[in-house]
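> what follows is a predicted protein model with its sequence.
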Amino acid sequence: MPYLTVRFSRKWIILNGVWISHIVSVLLKQKANLKLHSSVHRQVVTYACETWIVKETITNRLMVFERKILRKIIGPTYENGFWRIKTNQELDKIIKRKNVINCARAQRLGWCGHIERMQETRMVKAIRSWKPISKRPTGRPKIRWEDDVKKIYRG
């Protein structure tokens, strides 16, 4: 067992010259902030996402926003004498691939299942199954909510 020198003070502990309480407090702060992120930030960002039609630009903006928050929470990494920010793959590993987009997809699929189980007399069910009388305009058709949910379900 290596020889350890330990000194106690009112606010910190020195273990072989390292401020242990500072390191522990930083790690606890990161863990608490990650929980705060998953329980508050993500919920605010994905509010009413069940009705969204998610396009590629929105997906990219949401991912950039989440990564920016995660980089603030986790902070830089000290490697080989230099400080660097964490890569996107490292951030995905830390949050275990539970990002904003995957949460929004899960909520949309849950909402779709909820609508399917509703009675036919409910307004939401009637609106979802409603077919317009007129034709769609010429050109590329706009993405519908139903098409977006089918894409999530398939892939």
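Thanks, I have it.
> which SSE is immediately downstream of whichever helix or strand residue 115 is part of?
Residue 115 belongs to helix 100-117 when assigned by DSSP states H and E. Downstream of helix 100-117, the next assigned helix or strand under DSSP H and E is helix 123-129.
> can you give me the buried ones in the helix or strand that that following helix is followed by?
Stepping forward along the backbone from helix 123-129, the first helix or strand reached (DSSP H and E) is helix 145-154. Within helix 145-154, the residues that count as buried by 16 or more other CB atoms under 10 Å are 145, 148, 149. Just so you know, the C-beta spots here come from the backbone N, C-alpha and C atoms, and that holds for glycine as well.
> picking that back up, mind listing what's buried in the helix holding residue 115?
100, 101, 103, 104, 105, 107, 108, 111, 112, 115.
> so how far is residue 144 from residue 55?
Applying CB to CB, to the nearest Å, the value for residue 55 to residue 144 is 12 Å.
> ok, now residue 126?
17 Å.
> show me the shaky parts of the chain.
1-28 (pLDDT under 70).
> name the element residue 83 belongs to?
Per DSSP H and E: residue 83 is located in strand 82-84.
> residues contacting that strand, please?
76, 77 (CB atoms under 8 Å, 6 or more residues apart in numbering).
> again, but for stretch 140-150
With contacts defined as CB under 8 Å, 6+ apart, stretch 140-150 is touched by 51, 52, 53, 54, 55, 108, 109, 112, 128.
> what's the burial count for the fifth one?
Pointing back at residue 55 there. Residue 55 has 11 neighbours, counted by other CB atoms under 10 Å.
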